[in-house]
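# Kindly generate the corresponding structure for this input.
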Amino acid sequence: MTLVALRRGKKRAIHLPVRVERLSKGEYALLKLYSRERLGSFTGAELPEGNVYIAIMPRVGKGREYRISALNPRGDKLEVEFSSASEKLKLELDNRGRAAKLSPKLRYSIRVVPWKRFYELFERRSIPAEDSRGRRSEPDELAMRRIAAFESLLNPRTGEVVFDAATGIKSYLQKAKHNNARLICGNLSTTILRRVKEWLSYGSFLAYDVEHAVPLRNESCDWVIVDALLEYVEDATGALRNAAELLQRGGKLLLLEPIEAEKCGDFYPQDLWELAIWRPIADEKFSRDVLSATLRSEGFERLAQVELEFGYKIYKEERFTQRIAMYKKE
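Predicted coordinates for the structure are as follows:
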């Protein structure tokens, strides 16, 4: 299985965050990240262990060809098996969205991307607002509502320290600039940091990995923004605690919570359209309740929230909800 990632075929691609555990030589179990529930298996070649993204897309160009050797809908689940001459990938997916469009008539490419590498390759465009070249990402009305929700909650005073823990081209950062707050933009990706610096021309920029250490003093910030961060880490609650420790007493944390679905629990808290369609996996161990309990244990009180409701035609009549919450450190 090829260890590269290209953005070809993206409108029909499925990107799955999974944990790879080696069973024997050339044989692996594929698990959900947090609950460790079995999601599938892979046999026939060596894979990197740990957290990875699996990209499944209609085949383009050269590379190994996979065919669907089994496709079994079982209610709201879909069992699918991809086979090449020497490899086999078995998965159980939600029978919806792009997964429901898988077809034995098509040929597929399958790529496995190590966790941090995927972040660099696939998330470069961040979230709404234009950069100096007029480029936008997530330009849909719903995504702009999400950004507006963050902006409505973010209200720093002059001189207060605002730390954006997973920065991007986000228009609400302009509010920190206009309010003369001290803005620190952090990200694992130096590519994203360069683009934000070019676009914003304000603040300081910090390359770091939230799972290892945040190179800021504990209790040194007045505001911490946790937006589209936790789905990229192996220990979401640990990363949230690391971010929360940066706040002084009375400081406020803004959190993008998981997408809640009526029929299948909570999704990872990524861009609304991207996650609900591209990555059809829900995980009961990654939920609004789990994250709220983590913050309560750290001495946080929930002050306010903005709730967004939305739907997708491909999900029939199912409704989705996502909240942007504000917590205060007592």
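# show me the contacts for L303.
For L303, the contacting residues are K252, M326, Y327, K328, by Cβ atoms under 8 Å, 6 or more residues apart in numbering. Every C-beta, even on glycine, is put in place using the N, C-alpha and C of the backbone.
# Whatever helix or strand it lives in pairs with which strands, parallel or anti?
Assigned by DSSP states H and E, L303 falls within strand 300-311. Next to strand 300-311 in the sheet, as set by DSSP bridges, lie strand 319-329 (antiparallel).
# shaky segments in the stretch 1-150 of the chain?
The stretch 1-150 of the chain contains residues with pLDDT under 70 at 1-11, 97, 116, 118-142.
# That should have said the stretch 201-330 of the chain, apologies.
Using pLDDT under 70, the stretch 201-330 of the chain drops low at 262-284, 311-318.
# and if we set it to 90?
209-214, 227-238, 257-290, 308-322 (pLDDT under 90).
# beta partners of P114?
For P114, the beta-bridge partners are V52 (DSSP bridges).
# begin at 52 from here
Yep, numbering from 52; the last one is P165 now.
# My guess is it contacts V103. True?
Yes: with contact defined as Cβ atoms under 8 Å, P165 counts as touching V103 (5.7 Å).
# What strand or helix carries the residue with the largest distance to the centre of the chain?
Going by Cα atoms, centre = their mean, the residue of the chain most distant from its centre is A136, 32.8 Å out. A136 belongs to no helix or strand when assigned by DSSP H and E.
# Which stretches in the stretch 152-301 of the chain count as helices?
166-173, 192-204, 224-229, 241-251, 287-295 (DSSP state H, counting those that start in this stretch).
# follow-up on the earlier one: looking at P165 and V103, which is more packed in?
When neighbours are counted by other Cβ atoms under 10 Å, P165 and V103 differ, and V103 comes out ahead with 22 against 17.
# So that one is in contact with V163, correct?
Yes: V103 is within contact range of V163, at 5.3 Å (criterion: Cβ under 8 Å).
# Spit out the residues that contact those two alike.
The contact sets of V103 and V163 overlap at V71 (Cβ under 8 Å, 6+ apart).
# about what we covered before: just the angle between the strand holding L354 and helix 287-295, please?
Angle of strand 351-362 versus helix 287-295, following axes from the mean of the first three to the mean of the last three Cα atoms, to 10 degrees, is 120 degrees.
# Can you list the buried residues in strand 351-362?
F351, V357, L359, F361 (16 or more other Cβ atoms under 10 Å).
# which residues does the closest residue to the second one other than its chain neighbours contact?
What sits nearest to V357 in space, not counting adjacent residues and going by Cβ to Cβ, 6 or more residues apart in numbering, is A200, at 3.8 Å. Contacts for A200 were tallied using Cβ under 8 Å, 6+ apart; they are V357, L359, I375.
# Nearest to T288 among those?
T288 lies nearest to I375 out of the contacts of A200, by Cβ to Cβ, at 18.8 Å.
# Leaving aside the residues adjacent along the chain, what's closest to the closest one?
A200 (4.4 Å).
# what does W274 give?
W274 sits nearest to V213 (Cβ to Cβ, 6+ apart), 4.3 Å away.
# ditto for L251
The nearest residue in space to L251 (Cβ to Cβ, 6+ apart) is L224, at 5.9 Å.
# burial count for the one you found?
With other Cβ under 10 Å as criterion, L224 counts 27.
# Distance to L239 added to the buried residues of strand 351-362, as JSON lines?
Below are the buried residues of strand 351-362 laid out as JSON lines (distance: Cβ to Cβ, whole Å):
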{"residue": "F351", "distance to L239": "24"}
{"residue": "V357", "distance to L239": "27"}
{"residue": "L359", "distance to L239": "26"}
{"residue": "F361", "distance to L239": "28"}
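# Just flag the most distant two among those residues.
Every pair of the buried residues of strand 351-362 checked by Cβ to Cβ; the farthest is F351 and F361, at 26.9 Å.
# Tell me the bridge partners for the residue nearest to W274.
Counting by DSSP bridges, the residues bridging with V213 are L234, W274.
# wait, it sits on R233?
Yes: V213 lies in contact with R233 (Cβ under 8 Å); the separation is 6.8 Å.
# Same drill for those two, tell me which one is more crowded.
V213 (24 against 17).
# mind listing what the more buried one touches?
L205, P207, A227, A232, R233, L234, I235, C272, D273, W274, V275, I276.
# Which residue ranges make up each domain of the chain?
Listed domain ranges for the chain are 61-172, 175-380 (source: automatic domain parsing).
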